[in-house]
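Take a look and give me a structure for this.
(chains A, B and C)
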Amino acid sequence: MSKPVSLGLPAPRRRWAKLPRPPLAVALAALVLLALIGMAVFAPWFTHHAPQALAPALRLKGPSAEFWLGTDAYGRDLYSRIVYGARVSLTVGLGVAVFSVAIGLPLGLLAGYFRTLDALLMRVMDGLMAVPGILLAIAIVSLSSAGLATVMVAIMLPEIPQVVRLVRSRVLSAREEPYVEAAVLMGTSTFKLLARHLMPNTLAPLIVQGTYICASAILTEAILSFLGAGIGTETPTWGNIIAEGRLYFQLKPGLVLWAGLALSLCIVSINLLGDAARDALDPRMKKR
Amino acid sequence: MFAYFVRRVLAAIPVMLVVALFVFLLLRLSPGDPAAIIGGDMASPEQLAAIRQNLGLDRPLHVQFFVWLWQLLHGDFSTSLMAHTGVLSMIGQRLEPTLSLALVATALTVLVAVPLGVLAAWRRGSWLDHTVMSVSVLGFSVPVFVIGYGLTTLFALQLHWLPVQGFKSIFDGVGPFAYRIALPALTLASAHIALVARMTRASLLDVLGEDYIRTARAKGLGELAVLFRHALRNAWVPILTVIGSGFALMISGVVVTESVFNIPGLGRLIVDAVLARDYPVIQGMILLTSGVYVLINLLIDMSYAISDPRIRY
Amino acid sequence: MKPSRSLIARLLLPLGFAAALHAPHALAAEKTLHAVMSSSLRVLDPIATTAQITRNHGFMIYDTLIAMDEHYQPAPQMADWAISPDGMVYTFTLRDGLMWHDGKPVTATDCVASLQRWARYDVGGQLMMKSVKSLVATDAKTITLTLAKPFGYVLPLLAKPSSVAAFMMPERVANTPMGQMITDYTGSGPFTFVAAEFDPGNRVVYEKFAGYVPRPEPASGTAGGKVVKVDRVEWINMPDRMTAINALASGDIDFIEQLPMDLLPMVQADGTLTSGVLSDLGNMTGGRMNFLYPPFNNPDIRRAALLALNQQDVLQALVGNPEYYRLCASVFGCGTPLESQTGGENLVKGDHSAEARALLSKAGYDGTPVVILQATDVPSQAPQPVVAAAALRKVGFTVDLQPMDWQTLVTRRANQGEPTKGGWNLFFTYWNVQTIWNPVVNPMLDGGGQKGAWFGWPTDAHMDALRNEFVQASGDAAQKAVAEKIQQYAMQQVSYIPLGQYHDVSAWNSHVSHLLKGPSTVFWNVQKDD
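Numbering: from 1, shown residues only, chains lettered A, B, ... in the order given. Sure, this is the predicted structure:
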């Protein structure tokens, strides 16, 4: 029993839950996301203006050969800002997803395995979950500082309980599996049991959950910027570009729409990939 | 059932305590001095100290916490540091707009999303299904304020069908109320509609494969009757969960929607309170929203039992 | 059927309470002016805070003993005055018909208590009290102020319209202890405050005070007859500035106090809207350094920073429309009696970054990061730090621009600790020109160090001596000469960095007329036609 059965997933229940060939939409989504990541990583290659370089004399200009999408209220190149904005927005998305999983996973494992710890931990998680995430995030950001790290922590905190709950429920059901009971009887160390036997059960749903967290984190960053509790203007993010442009929405809609387009494309892609991952990895979760 | 209800309510108490303590610590351990805000530009250090003392902010943290808790136990949510108005009455003033917005948005969600989801499931794989599914991805991928601005531009500024902002109480007439709330409610509902439509579709697809549906069809029942009377009834539980758990989503939407459409609701109250470091208001508001969250979850769980007799407690 | 209906009724009951608050108030013929002000009214005590919005609130419901007319001259309002020939005794006589909102008559005792409370909070008032021997009510209508030593600024201080204006309150209210906010909003001004409808962050409601007797003269500045021509004024807070303009265009509101300059074309394109400048002097924006810590404890480095900055860029980013700003390097503002631009030439013309760089290296700047505080949620304060950070970096400063909300900034800037430990090096704000236009009221010129000076805490005995010289100088010419010396010295020391003067543009519906020009947006005299 040293080798647990694959991922502990049951066989697909229905014909149409079989692994589908990646449809066009998913392939497109992957392509868009790759392009955005490429844009973020190699931002300097795609732009010829620094995103912070300001020229108040040239503010709010329309698109031109020099400024492809025009300039913002400080006379900064909107195109460069959107390209560099991808860096921060994607960092926020990926960072929040990775860290909330990294923190939520061990907590969930512990809660699912140790019944005494469970009661305490889950009350705390219930409490955290009961506080509306956006309120918590606004409070954290405006009460400390508006840096990248703070914003990420603020967005991450409300996500952790969700991860913990997910992992815990998986552990609870896996505990009853014969191979786990056998491992316990054979005196496998707790750590090994958690890491080798119980954790693998949780990975598939976590990957799916992670993509959704990633998408929602990018969106939440934008909302925080809109509410004035986002990352400062010197670091362009899609969220703060949109937030700063919204004053001009009726006069110069491009200031909102281009970044909005990038943001929405990115989130749609991540969501589509998340759906595909769920269909492929975990038919039991086939929802939405 | 009743015993279960009591047990759940009792279980909510430690949760609320955790929330209270957490929020309190979050607020008090971060920088920010309401006295500096009240005192304004020219306040001297002595003046600030006097203000702090007056507000009780100079007392040790645990004392402040227990004083607050003690007041709470007596139903006293204490008063705003800035405006000297009772927190509860401030919340009361703002309750109606937010409640109206949330209820209309939820109603809109159910009215739009459920039929859409049913349609998509019924015509699975058709262009209709694809359209519903792809538009719904957009629904929760576009920030709510962009949707708000888009709708305003179209319906208010271009077509002049609806007003750009403001709120009218339903007690001033259903007409004016609906006229003002239509755009904000639609904005707020957009993401929710997308989620619920997808959930309805998925949940219905699960059910549509079941034997009793085939039986119902074999009996010669009309498609509508099969879909709504048999399939939807059995697919209802997960849909209800999404509608209920959408509360958290609604809260973030409410905060933004209220700003875009200038609706004097709770969302703006809390943002203002955070920006002003008005501790009692923030604490009261978060406690309230958390309480509502716990309550809604409870109601959902109870309704499971009612809508799905297979679930027992 | 019946039980469910009663259940619904019970559920709706709390809504009913809320609805009562929203119910249209009284008669249909009532004329209500809806105004969107520049910020939301948070604190209701116009003596204990200097927030502009609270000052505007003060002018709605309170009155002042004397006031300042449109030519900046003190003029009678609640009281007339007489000065003894030696200039040491001021006698104020209350006019007839003055009444508090609760119907009780205004007495000299009320006014003395109010003046005393005001003088505890106001910087100028504190200065004045150092020269005052006694301030008493000699009878029900007479207030006598006796000086111990000459002080020429009594009338301008009592008349000043800007924070903190000396508003009169009933004695019971004025006796509120230091550090405590007033909770009784009884005034004697032309409007009453409707406490039941006050919804902080959303709406403030004022009603015409029927018992107010205006002076017979025409309104001028805050002086003259405050004749109210509407029944009700509602201040509505709109968090989204574009929404406010749309609401103005659709007639939901009548007046916007502060229009985002970039959206002016929208208002100008709309035939039913009017825009204009109501404040004649406008605002001065500027930066203030922390004198306690490196690098800005070194005057040469302060001067290098001054050289690096350029008003044109700041104003362009902040205002954008040259019609509404002017370059001005006077620490007292421009268009003021004491205006002088000596020593600030670099701010208003040319690029001095080479000079700044040279001075910076000569001063031995070691790369200590300059912590700049940026308030992101106040549109009139967000751009300056961004432009300044870029300019300072350009000449070789290491800059740490820290975005935060205004309330955090207010807390941070009061922190005298090291910049890396919760303190700061540089922040930006703006002032009504009337709050900086002479050495008595200008907070940046106070050299009182960590105990007495304004945020930044310079210890500067020479500056204090100059200010003293100014207070004692008699005659305009003599005062002007001292002010010139102060300007020069302030620029050398970089007491603050003036970054230019600009006007707020207001917008209103065409059926609104007779808005008064002045330092404070006031709602008497304003007419609303059907």
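
The closest residue to chain C within chain B: which element?
At 2.5 Å from chain C, B:A50 is the closest residue in chain B, using C-beta to the nearest C-beta. Backbone N, C-alpha and C define where each C-beta goes, glycine included. Assigned by DSSP states H and E, B:A50 falls within helix B:45-55.

Equivalent analysis for C:M242, please.
For C:M242, the host element (DSSP H and E) is helix C:241-249.

what comes up buried for the helix or strand just after the helix holding B:A50?
Moving toward the C-terminus from helix B:45-55, the next helix or strand (DSSP H and E) is helix B:61-73. Within helix B:61-73, the residues scored as buried using 16 or more other C-beta atoms under 10 Å in any protein chain shown are B:Q64, B:F65, B:W68, B:L72.

go on, stretch C:241-261?
Quick answer for stretch C:241-261 (16+ other C-beta under 10 Å): C:241-250, C:252-261.

check whether that stretch contacts chain A.
Yes. Counting by C-beta under 8 Å from any C-beta of the partner chain, chain A has neighbours in stretch C:241-261: C:R241, C:M242, C:P260.

Taking the stretch 51-200 of chain A, what residue is nearest to chain B?
A:G127 (3.1 Å).

Now the residue of chain B closest to chain C: closest residue in space, sequence neighbours ignored.
C:G179 (2.5 Å; C-beta to C-beta, 6 or more residues apart in numbering or on different chains).

so which strand or helix has that neighbour?
Judged by DSSP H and E, C:G179 forms part of no helix or strand.

Name the spans of chain A whose pLDDT lies under the cut-off.
A:1-22, A:282-288 (pLDDT under 70).

Surely C:R42 is in contact with C:P200?
Yes. Using C-beta atoms under 8 Å, C:R42 is in contact with C:P200, at 6.5 Å.

residue in the stretch 151-288 of chain A nearest to chain C?
A:G232 (3.0 Å).

ok and the residue in chain B nearest chain A?
Across chain B, the shortest distance to chain A (C-beta to the nearest C-beta) belongs to B:V18, at 3.1 Å.

For that residue, which residues are in contact?
A:R123, A:V124, A:D126, A:G127, A:L128 (C-beta atoms under 8 Å, 6 or more residues apart in numbering or on different chains).

is stretch A:109-124 anywhere near chain B?
Yes. If you take C-beta under 8 Å from any C-beta as the test, stretch A:109-124 does meet chain B, through A:R123, A:V124.

Give the buried residues for that stretch.
For stretch A:109-124, burial by neighbour count (16+ other C-beta under 10 Å) applies to A:L109, A:L110, A:A111, A:G112, A:Y113, A:D118, A:L121, A:M122, A:R123, A:V124.

burial of residue 144, as a residue count?
Because you didn't say which chain, this covers chain A. 20 (other C-beta atoms under 10 Å in any protein chain shown).

Oops, wrong one, chain B.
Neighbours around B:V144, by other C-beta under 10 Å: 25.

In this structure it contacts B:I251, no?
No. Counting by C-beta under 8 Å, B:V144 stays clear of B:I251, with 11.6 Å between them.

on that earlier part again, which residues does the residue nearest to B:A50 contact?
B:Q47, B:A49, B:A50, B:I51, B:R52, B:Q53, B:N54.

switch the cut-off to 7 Å
Taking C-beta atoms under 7 Å, 6 or more residues apart in numbering or on different chains, we find C:G179 in contact with B:Q47, B:A50, B:I51, B:Q53, B:N54.

For these, give me TSV that also has neighbour count, pLDDT and distance to B:M133.
Formatted as TSV, the contacts of C:G179 follow (neighbours: other C-beta atoms under 10 Å in any protein chain shown; pLDDT from 0 to 100; distance: C-beta to C-beta, whole Å):
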residue	neighbour count	pLDDT	distance to B:M133
B:Q47	19	76	61
B:A50	20	82	62
B:I51	26	83	57
B:Q53	14	85	61
B:N54	17	82	59
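
any idea which of the residues you listed is the one closest to B:L151?
Closest approach to B:L151 among the contacts of C:G179 (C-beta to C-beta): B:I51, at 44.0 Å.

can you pull the contacts of the closest residue to the closest one other than its chain neighbours?
Among residues not flanking B:I51 along the chain, B:A35 sits closest, at 4.0 Å (C-beta to C-beta, 6+ apart). Listed by C-beta under 7 Å, 6+ apart, the contact partners of B:A35 are B:L48, B:I51, B:R52, B:L55, B:L57.

And those, which of them are buried?
B:L48, B:I51, B:R52, B:L55.

pretty sure the third one is touching B:E46, no?
No. The pair B:R52 and B:E46 does not pass the contact test of C-beta atoms under 7 Å, sitting 10.7 Å apart.

so how many other residues sit close to B:R59?
13.

can you pull out the strands in the stretch 101-250 of chain C?
Taking DSSP state E, counting those that start in this stretch, the strands of the stretch 101-250 of chain C run over residues C:132-139, C:142-147, C:191-193, C:203-208, C:232-236.

Export those strands to a markdown table and append columns for distance to chain A.
Listed next are the strands of the stretch 101-250 of chain C as a markdown table, based on distance: least, C-beta to the nearest C-beta, whole Å:
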| stretch | distance to chain A |
| --- | --- |
| strand C:132-139 | 43 |
| strand C:142-147 | 45 |
| strand C:191-193 | 29 |
| strand C:203-208 | 21 |
| strand C:232-236 | 19 |
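
right, so of the ones you listed, which gets closest to chain B?
strand C:203-208 (6.7 Å).

what angle separates the closest one from strand C:232-236?
Relative orientation of strand C:203-208 versus strand C:232-236 (axes from the mean of the first three to the mean of the last three C-alpha atoms, to 10 degrees): 160 degrees.

ok, and for strand C:203-208, which residues are buried?
In strand C:203-208, counting by 16+ other C-beta under 10 Å, buried: C:R203, C:V204, C:V205, C:Y206, C:E207, C:K208.
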